[in-house]
Structure formats: C-alpha cells, structure tokens
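Asks: Fold the following, please.
(chains A and B)
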2 protein chains.
Amino acid sequence: MSKKNKITKTGNMSQWYSYIIQQAEMADYSPVGGCIVMLPYATKIWEYIHQYHNINLKKRSVENTNYPLLIPQSLLEKEQEHIAGFSAEVAWVTKGGNEELSEKLAIRPTSETIMYHFFAKFIQSYTDMPLKHNQWCNVLRWEQTVTKPFIRGKEFWWTETHTCHASKKEAQTEVKEALNDYVDMCENLLAIPVIPGKKPDHDKFPGADYTTAIEAMMPDGKSLQMGTSHLLGQHFSKMFDIAFQDKNEKKQFAYQTSYGFSTRILGGLILAHGDDDGLIIPPKIAPIPVAIVPVYKTESKNKVVSKAKKIKESLEKLNLDVVIDLDEDKSPGYKFSKWEQKGVPLRIEIGGQEVENNSICAVRRNWKTRIKNNPDLGKKEIIPDKDVEKQIPKMLDEIQNELFDFAKKDLEKRYSIAKTREGFDSIIKEGNGYCETGWCGDEKCDEEIKEKTAARIVLIPNNPKQKYAKCIVYGKPSKETVLFSRKY
Amino acid sequence: MSKKNKITKTGNMSQWYSYIIQQAEMADYSPVGGCIVMLPYATKIWEYIHQYHNINLKKRSVENTNYPLLIPQSLLEKEQEHIAGFSAEVAWVTKGGNEELSEKLAIRPTSETIMYHFFAKFIQSYTDMPLKHNQWCNVLRWEQTVTKPFIRGKEFWWTETHTCHASKKEAQTEVKEALNDYVDMCENLLAIPVIPGKKPDHDKFPGADYTTAIEAMMPDGKSLQMGTSHLLGQHFSKMFDIAFQDKNEKKQFAYQTSYGFSTRILGGLILAHGDDDGLIIPPKIAPIPVAIVPVYKTESKNKVVSKAKKIKESLEKLNLDVVIDLDEDKSPGYKFSKWEQKGVPLRIEIGGQEVENNSICAVRRNWKTRIKNNPDLGKKEIIPDKDVEKQIPKMLDEIQNELFDFAKKDLEKRYSIAKTREGFDSIIKEGNGYCETGWCGDEKCDEEIKEKTAARIVLIPNNPKQKYAKCIVYGKPSKETVLFSRKY
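Replies: Have a look, this model is predicted:
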C-alpha cells in the first residue's frame, strides 16, 4: 500500500481499527455476523490478563468454576427486572439432535440466574459464607446494532464473578475491592488510566442496587467502559432463596455482588495505544516483547544468525518470548514495519557491525506519528552483549511506564470541567473527552443532553475535581458530580 | 451415615461415583439434563492440566485461540461423512432475540468445520505452514443415552488442536507426537498408565484417514478413552479448499490433523485412583496437596494454631496450596475423614505434643481399603520442624510415584492374552480388563463379539505383547493384534 493511501489512526480511527485488527492478526470475522475468532496474538494477551487477574482473585479467596452454558427459559425469566434487561438479546436453543425441546434454552447472556439456582443449594449455614465463584467463559448477546470486534459483538469472552455475603457491609466492601482490582489491572498491566465511579441509577445493571464501573478515554474522545462491579443486595437472593441460618439459627438472605470485564478491554487496548503505524502493546502483555531482525550480507549470514540465536536464548532465560525474523524473501525494512505494525515494543537489530563490536542495537517501537517532539523514542541504542540481560528488561519496564504516563497525560487533556451551560455546550460540542459538571439526579436531564449532543452521563466519579451547586441542564440544585461524554 | 450403609467403591462403583462427585464437591447437576457445573475443586484440577499441557503445546509451536461457538448449518454440513457422525447430537439455535433466524446455527459439537472455513483464508503459501491452532473451550453434544458427570454429558470442556501441514509425513508425525504428549500427561501428571494405539477403521473419527487413541483401564474392568489424535489427510482440505502454493508455485492441498482430550479424563481420574473412603488426587494436580488439622485442648489452642500457621506459610513458600482446618464445630476425627474424602494426599496433624517436640505429624491419605497388606500407607510420620520444607515435597513426590506404580500393576493384572476361542471367552466372560488377541480386520467379527458379550475392540495397541496367527472369532488369518474390552 502506498503512503498516500495508508489507513491511519489519525485519519479515520474507525477504519484504522478494523484494518489493524486483521493486519496485526488479532481477530477475524465469523460467517455468523457479529461473531469473531480471537487469533493467537489476541488470545495470548487475553491469557496474560487471566494470569494477572487470577492472582488478584485468589488474594480475595475467589475460586474459579465452570457453570453450564445453557439456561432454561423458566430460570432465566425468574427475576423480572433482570430478564427485561436481556430478553431482546438472548439466543435460544430450541432443537437438540432431531427433536424439538419442550422448553427453550438460553445461551447465557450472563450467568446470574443459573449460578444463583446452584447458590441456593450450596448455601445453608453462615459457615458457607462468603461464597465467591468466578468463571472465565464465553457469553452470547444477540446485538441488533452494528458490531465491532472486541468493542461490541454477539459472542464475547469475559470473567464474571458472583459472591454471597452474610452482611450488606461485607458485600459493599467486595464491590469496592473488585473495582480496585480492575483499576490495578487496567493501569498496571494494560497501561490504560481509568476513572472509577458509580453509574447513575437509570443506567445500573438490571436487578442491581447500584453499579460501579471504570471508564477509559479513547483517543477519539469517546469513553469506553472497561469493567463493572455491582451490589445486587438481596434482590436475587430473595427470588432464588439464597438463604442461610445465622449464628442464632435465624434465616437470613444473602447479600450479593457480581462483577466482570470482557474482551472489550482488548478493544480498549488497541484504541488507546495504537498509532498510525499499527498496534502498540505494553511490554507486560506483549505476546512478543522482543523481535530480533538479523541484517546481513551473504558472507556474514552465519555469524549474524548464530549471534541472534544466542541473544534469543539469553533473553528466553529471563522468560521473554522472543522471535527471530529469518524470512529470506523479505527485506529488513519490510520486517521493521511488520513488527511495528504488530506493536512489538522492542526490536533488536543485529548485523555484521554488531557481531564485530560485541553489541546489539535495540530500537523502541517508533512513536513518531504520535509524539511528534519526543526525540528519544525510536532512537537506536547500542548495548554491549554483556549488558543485554540487564538492559533489555529495564528498557521494557521504561516503555511500560512511558505508555502509561503518556496515556495519563492524554486523559488529563481530555478532562474538562464546566460550571456554566455555555462552557458545557462548547466542551460537549467539541466532543473531545469528559466534561465534569453538576447533575440534579433526574434521568430526563441526561436524556435531553443525549438527544441534543450524543454525549451522556457515563459516570459519577469517585474523585471529582470540583463541587457544583447546580445541575447543568436546568439549573436545579446539583445532587451528584457527573462526567458527560460520548461513549462506545 | 453409618458404616453399614456406607456407599463404597468396592460395593457399587457406579453409585459410589455419583455420590463422591457431589460429596467431594467436584460437580453438581444442572436443571438441563446431562449438563453440570464444574465446581472449584474440579476446575482447579482442570487448570493444572491446562498449565501442563500448554507447555507441551508450546514446545510443538501450537498456538492458543478462541474460535466462535456458533456454526452455520451450511458450514457444518459441508463435509458429509463428518456431519453424519454428529447430526443426531447437534443443539440448534433457531432464535436470536425475538426473531427467527434465517439459517439455523449449531452450537459446536467439535470445531473442524468452523476452523477450516478460516484456515482456507489464513493459508495461501507454503510459508504459512505448518499452522497449528488449539483451543480450550466448551462443546455441546445432545447425548440421548444416560449421562454421567465428566464421563459422558451434553456439555463438556476440552482441548481441541487442529493443524495443517505441507506433507503427509509431517502430519503423521504430528499425530504421533500429540498422542505421545497425551501419554505423558496421563502418566506423569494424572498418574494413570495408558495404552496407545490405533482405532479399527470402523471406529475412526468421522472424516479421518485414521484415528489413534489412548485407553486407560478402570477398576471395574471397563476401558476409558482418554484422548484421540486423528490424521485427517486431505479429506477436509479438499472440501474447504485449504490449499497453498508450494515452492514451485503449484497449488497443493494441506494435510491435516486434529487431536484432543476432554474433562472426561477427570472422570478417569476419579475412577482410577479413588477408594472406599473417597477421592485420591495425585499430588501434582491436587488443589489441596496438604491439609493441616490442629488438634488442641483449650489451654494449648493458641500455641497449636500459631504453629499451624507457621508451617502453612513455610509450605506456601514452596508453592504448595495448604489449608488449615479451623472449624470449631467439628472434631479432629471428622476433619480427618473430610480431607480423606476429598483425596488430599497429605494431612499434617499438629497438637500440644508437636509444639513441645518441635515437630509435626504427617499422615498419608489412607489407602487401607485398597492396598490391604501395605503397612506403610496411612502410617504416621514424625518430622522435625527443621526438615519440613525438605520432607513434605519428598513425601508428595513419593505418593505421586506410588499412585502411578499401583495403577500400573493393576493394569498389568487386567491385561490378558488369548490364543484360543475358549481362553478368549472365559477372559471376556470375566469382564475384568483387556484381552489381547488376533483379528481378521472384518467389522462383523467385532460386531458379533459386541452383541454376545458387550466387549468390543477398543484398540490396536502400538506395542502388543504377542503376534496371533488367527482371528479369534472365525479363525480367518489375523491382520491386526487388538484389545477387546468392555468400555465406557
């Protein structure tokens, strides 16, 4: 593709997103519209996320499980508020083998109902509490709107955790700690800064007392929800009879929570960090943190390749997955672009000169299309062989931190506050991020802004910058400080 | 439950199996018949199997992926022999949200067709080969026969690997290496000895050139298939147009393999090792390798519990998951039984005496109901505190090896050979394991034995003990040495 026709993130982010997902071999489209295959590159990132989050889950004594895929209609419809939120999106199995089923079976759109059917059985006494079950699985929602790989689709993969507690206070603490873990995972693993907060009541999970969430700002000025954590209270436990005998042998209903995040965060990862040249993957979750490109003429080939292999081995001892690009048909320049497009954080070039000087040349993933005035990035760094095992991990750590710092600064730029309607209107018109302001608590005010501007309330942030006396819409007294934004 | 009414493995293995699965909290039954929930205890074992097998997959450059759950009817039915093998077992989605679908969608009973649809796109040139994709996922087969958790059910979890190669020889090697990995996993991780071999042609996978498998002998004399590895040849690649340009720019169809094993091996694990007192889990995959039971009177409680916690910490440093049973309402005897039932390989008792003597008391999972004349097992072993970190891992290694050795000897006892029909009939009548003999290659001979005895050919073993001149059924010349047995 010529430079002129290059599909760039700065040019058209939506087009770039679809293009780069296939080019970098993250995903491909199923013949069933709205479904995808997650290719090895994306699956590896998702596995790193599993590993990281599993450690956090274990610290909080959450256990992994595998609940059934299929939910009988009667069970799914047991809780009315809940099913109302999902009924339009359920895929139904009506036939098994050659027979019509006597009762339709839903493919789980989420697992509250099937899990709570079991919880009622597992929980009898206060000694059975707390009960904390997680599962990593696929779910299906028959989306009617346009789908986009990872961001919105019929089938996706996720972690959903469901917990039962003896007291409301304990459940509230669980909701909070889970959200804290999600912040940790997004910021320290994915290098994406997020804003934790609460959803307005009219936007909470169907059946929940309240919903908390984390939101991340994408470079197109739209907010992406990266995870949610709900206090379900006793709503479901009363419906499903999840009850226990307390120490006084009195029957009590459990206080419940549920929380989760999905492969949607992979979409966030691509959008947040990528640039015109392709993906940028933070080192901690990079399927390939280091790519070695040997550069040789025929006479130096053996020495160069043999050195490349040695460097690979020494890095693998540090538990880094390294590739050597030995493709005979392609030029070094082609290879440089290829690994940049895949977002490999660090490239090592080894040629005749490096063999002679007992050194390697390390090159960070080029960010010139993003950070115009940063001369350090994309710079070549000569590292003596003896320092490779120390320097490379250090450089990877630096890149991880720089990615986060850059994203953090970007978020700050896209976070405005508005005390007047004029100020609010001009910020929202620009559509370039969050606008913090006051809200009276009336859903209609949110609706009105949404109709007029496509922005809406995405969060009641935990740590607002200011307090506001009035609701930005009609000037009624403000009850909550909220963030307005367009959203995915 | 009184001793008299105790449900024992030696008394009624099938009843015991259903009982112990719920008692030891491995699984529970879904309201959808034939489906189960895999509880934390079973899920943890399955996760250890993932970890172990993932390392083997990586060594052979197999990459993990997540392919779609739903397969359009037209795609599933593209390969006639294949669909004929599965059509009676497919669960169909016919409705999405409130709309009837224009084309029925199958929930994957296995993923050949959906994966090969993509492979045709991914593979263009010889440089794209080999392609090796694995996925860990759930599949659904609408079983009509009686189901049994793990052993046979509608939904189960598995690993399925699908590979494409440029030559038949390379594909054959893949089939062999995959089966070797399965042998390794069963024997070195699950401590279950297996027999590798080939399936008779009339029992191969629908659409395969040939099927290889591993079989394990269960204590009720029935064989359980623990994994399969198929050479698919060019059967599917021609149907799905999975072709590549070779070095001479000539179009070639790929040679394919597929192989997998499922949560059925958890059923094998329970059956193979369990005894009248409950599960026995090999240490390498035990969710709880060590349970500490503090035994104290009121005055010694603090010292005992504090010592128990110290021992727990020191073992956790060795990466062992240890529990301390602090339940105030239960007696030490109850706790001993509880952890035995769960199959915890090693129990540590700590009481006042142990505190005084700076030692612990380690007790292996009691095998007395199984190995009547082995005085070493169940013996109490006093270990000085200073040796705990060395001795406990050593004891766990020994238990792992003993479990395998015992199962290996048991297999040898249940492996007979028959050169005459009379010998064959009496072995088969006894129904107590494998009978190795000669077979002419005619399916009818297998059918006849099956009708008369419920035994059938389960495998053409790779390493038979003998050669046989004649087929055991009608005396025609033998073509293959086979194993007859009843099977799951």
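
Asks: Please count neighbours and contacts with C-alpha atoms only from this point.
Replies: Fine.

Asks: list the contacts for A:Val37?
Replies: Listed by CA atoms under 8 Å, 6 or more residues apart in numbering or on different chains, the contact set of A:Val37 reads A:27-30, B:65-68.

Asks: I'd like to know which elements the strand or helix carrying A:Thr437 is packed against.
Replies: For A:Thr437, the element it lies in under DSSP states H and E is strand A:434-439. With contacts taken as 3 or more CA pairs under 8 Å, 6 or more residues apart in numbering or on different chains; DSSP states H and E, strand A:434-439 sits against strand A:415-417, helix A:421-430, strand A:480-487.

Asks: Roughly how far does A:Thr67 sit from A:Ile107?
Replies: Residue A:67: Tyr, not Thr. To A:Ile107, A:Tyr67 is 12 Å away according to CA to CA, to the nearest Å.

Asks: picking that back up, most tightly surrounded among the helices and strands packed on strand A:434-439?
Replies: Among those, strand A:480-487 has the highest mean neighbour count (mean count of other CA atoms under 10 Å in any protein chain shown), at a mean of 25.

Asks: Check the secondary structure at the closest residue to A:Gly227 other than its chain neighbours for me.
Replies: Closest residue to A:Gly227 apart from its sequence neighbours, by CA to CA, 6 or more residues apart in numbering or on different chains: A:Phe261 at 4.4 Å. At A:Phe261, secondary structure determined by DSSP: H, G, I helix; E, B strand; the rest coil is strand.

Asks: Next up, the contacts around A:Phe261.
Replies: Counting by CA under 8 Å, 6+ apart, A:Phe261 has contacts A:158-160, A:226-228.

Asks: possible to save the contacts of A:Val37 as TSV with distance to A:Met38, pLDDT and secondary structure?
Replies: Output for those, formatted as TSV (distance: CA to CA, whole Å; pLDDT from 0 to 100; DSSP: H, G, I helix; E, B strand; the rest coil):
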residue	distance to A:Met38	pLDDT	secondary structure
A:Ala27	5	98	strand
A:Asp28	7	97	strand
A:Tyr29	9	96	strand
A:Ser30	10	96	coil
B:Thr65	6	98	coil
B:Asn66	5	98	strand
B:Tyr67	6	98	coil
B:Pro68	8	98	coil
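
Asks: Could you check which residue of the stretch 201-350 of chain A lies nearest chain B?
Replies: Closest residue of the stretch 201-350 of chain A to chain B, CA to the nearest CA: A:Asp327 (9.0 Å).

Asks: Would you list the phi and psi of A:Ile83?
Replies: Dihedral pair for A:Ile83: phi -70, psi -30, per degrees, to the nearest 10.

Asks: Any figure for the gap between the residue nearest to it when sequence neighbours are not counted and chain B?
Replies: Once flanking residues are discounted, A:Ile83 sits nearest to A:Glu77: 5.5 Å by CA to CA, 6+ apart. Remark: distance between A:Glu77 and chain B (CA to the nearest CA, to the nearest Å) = 14 Å.

Asks: returning to that earlier point: now for the contacts of A:Phe261: which two are most distant?
Replies: Using CA to CA, the contacts of A:Phe261 span at most 13.2 Å, a distance reached by A:Glu160 and A:Met226.

Asks: Quick check: which of the helices and strands packed on strand A:434-439 is nearest to A:Gly34?
Replies: strand A:480-487 (19.6 Å).

Asks: Can you name every helix or strand that the closest one contacts?
Replies: strand A:222-233, strand A:434-439, strand A:456-461.

Asks: Give the other helices and strands that the last one contacts.
Replies: Counting contacts by 3+ CA pairs under 8 Å, 6+ apart, strand A:456-461 is packed against strand A:195-198, strand A:210-217, helix A:443-453, strand A:480-487.

Asks: Let me know the pLDDT of A:Arg152.
Replies: Note on A:Arg152: pLDDT of 94.

Asks: beta partners of it?
Replies: A:Lys148 (DSSP bridges).

Asks: returning to that earlier point: and the strand holding A:Thr437, how far out from the chain middle?
Replies: From the chain centre to the centre of strand A:434-439 is a distance of 24 Å (CA atoms, centre = their mean, to the nearest Å).

Asks: who does that strand pair up with?
Replies: Partner strands for strand A:434-439, per DSSP bridges, with pairing direction: strand A:415-417 (parallel), strand A:480-487 (antiparallel).

Asks: Same list (the helices and strands packed on strand A:456-461) but as a markdown table, adding distance to B:Lys338 and mean pLDDT.
Replies: What follows is the helices and strands packed on strand A:456-461, written out as a markdown table (distance: least, CA to CA, whole Å; pLDDT from 0 to 100):
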| stretch | distance to B:Lys338 | mean pLDDT |
| --- | --- | --- |
| strand A:195-198 | 43 | 98 |
| strand A:210-217 | 39 | 98 |
| helix A:443-453 | 54 | 95 |
| strand A:480-487 | 52 | 97 |
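
Asks: Turn these into a markdown table, including distance to B:Thr113.
Replies: A markdown table is the format used below for those (distance: least, CA to CA, whole Å):
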| stretch | distance to B:Thr113 |
| --- | --- |
| strand A:195-198 | 43 |
| strand A:210-217 | 38 |
| helix A:443-453 | 44 |
| strand A:480-487 | 37 |
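
Asks: and the gap between A:Lys284 and A:Gly260?
Replies: For A:Lys284, the distance to A:Gly260 - CA to CA - is 21 Å.

Asks: quick one, the strand holding A:Thr437 and helix A:443-453 angle?
Replies: 140 degrees (axes from the mean of the first three to the mean of the last three CA atoms, to 10 degrees).

Asks: Contacts for strand A:434-439, please.
Replies: A:217, A:221, A:223, A:414-419, A:424, A:427-428, A:445, A:464-465, A:467-473, A:477-485.

Asks: coming back round to it: return the closest of the contacts of A:Phe261 with respect to B:Asn98.
Replies: A:Trp158 (24.5 Å).

Asks: Could you pull up the residues touching the closest one?
Replies: Contacts of A:Trp158 by CA under 8 Å, 6+ apart are A:136-139, A:260-263.

Asks: Pipe the residues you listed into a markdown table and attach pLDDT per row.
Replies: Output for those, formatted as a markdown table (pLDDT from 0 to 100):
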| residue | pLDDT |
| --- | --- |
| A:Trp136 | 98 |
| A:Cys137 | 98 |
| A:Asn138 | 98 |
| A:Val139 | 97 |
| A:Gly260 | 98 |
| A:Phe261 | 98 |
| A:Ser262 | 98 |
| A:Thr263 | 98 |
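
Asks: which of these lies closest to B:Thr43?
Replies: A:Trp136 (11.0 Å).

Asks: List the contacts of that closest one.
Replies: A:64, A:66, A:157-160.

Asks: what's the farthest-apart pair in these?
Replies: Taking CA to CA, no two of the contacts of A:Trp136 sit farther apart than A:Asn64 and A:Trp157, at 15.0 Å.

Asks: Right, I'll call it a day here.
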